[in-house]
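1. Starting from these lines, generate the structure:
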Amino acid sequence: MSWQSYVDEQICKQVECTFAAIAGIQDGSIWAKLEKDDKKLDPKELKTIADTMRQNPTGFYETGIHIGGEKYICLQAENQLVRGRYRSSALCIVATNTCLIVAATVDGFPPGQLNNVIEKLGEYLRSNNY
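-> Now for the predicted structure:
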């Protein structure tokens with residue numbers, strides 16, 4: 001399965017996203033993505049997120065999570081999981097051994113469904129050494 005298929009079939013068919021991506025954890029390079037509503041993902045933002053998750057995830061509580069041109073309020077920050085909120089849009093980011101999985105919902109979409117989908121995909125990729 002291609003990385004784009006993971007974004008399209010495993011994330012976006014289950015979650016109404018404004019953006020979703022799988023990116024390299026070392027450099028933030030985007031392997032696959034979906035961007036809507038003028039949301040643009042920047043590899044530099046993704047690299048900063050990955051570095052912060054590894055080195056000081058609680059730093060997100062002070063700085064927020066900057067992605068897709070927005071600043072999300074940090075709700076949870078750990079080495080492998082970050083959750084955020086912007087208005088009524090939810091954000092979930094999962095780090096695996098080699099990649100970041102990121103997705104944000106449209107306003108009003110249930111955050112629990114987003115978290116479930118992204119976290120399960122992260123567990124699956126980790127179990128397959130990604």
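2. Do I have it right that residue 28 meets residue 44?
-> Yes: Residue 28 is within contact range of residue 44, at 6.3 Å (criterion: C-beta atoms under 8 Å). Where C-beta positions appear, they are placed from N, C-alpha and C, glycine not excepted.
3. Who has more neighbours out of these two?
-> residue 28 (20 against 11; other C-beta atoms under 10 Å).
4. Name the SS class of the more buried one, please.
-> With DSSP: H, G, I helix; E, B strand; the rest coil as the basis, residue 28 sits in coil.
5. Tell me how far it lies from residue 113.
-> Distance, residue 28 to residue 113, using C-beta to C-beta, to the nearest Å: 26 Å.
6. same thing with residue 30?
-> Residue 30 sits 24 Å away from residue 113, taking C-beta to C-beta as the criterion.
7. the more surrounded of these two?
-> Higher neighbour count among residue 30 and residue 113: residue 30, with 19 against 14, using other C-beta under 10 Å.
8. Next, the contact list for the residue nearest to that one when sequence neighbours are not counted, please.
-> Sequence neighbours aside, residue 23 is the residue nearest to residue 30 in space, at 4.9 Å (criterion: C-beta to C-beta, 6 or more residues apart in numbering). Neighbouring residues of residue 23 by C-beta atoms under 8 Å, 6 or more residues apart in numbering: 29-31, 41, 43, 46, 50, 99-100, 102.
9. Phi and psi next, for residue 23.
-> The phi/psi pair for residue 23 (degrees, to the nearest 10) reads phi -140, psi 160.
10. how near is it to residue 3?
-> Counting by C-beta to C-beta, the gap from residue 23 to residue 3 is 9 Å.
11. Find residues that contact each of these two.
-> residue 31.
12. longest helix anywhere in the protein?
-> Criterion DSSP state H: the longest helix present in the chain is helix 111-127.
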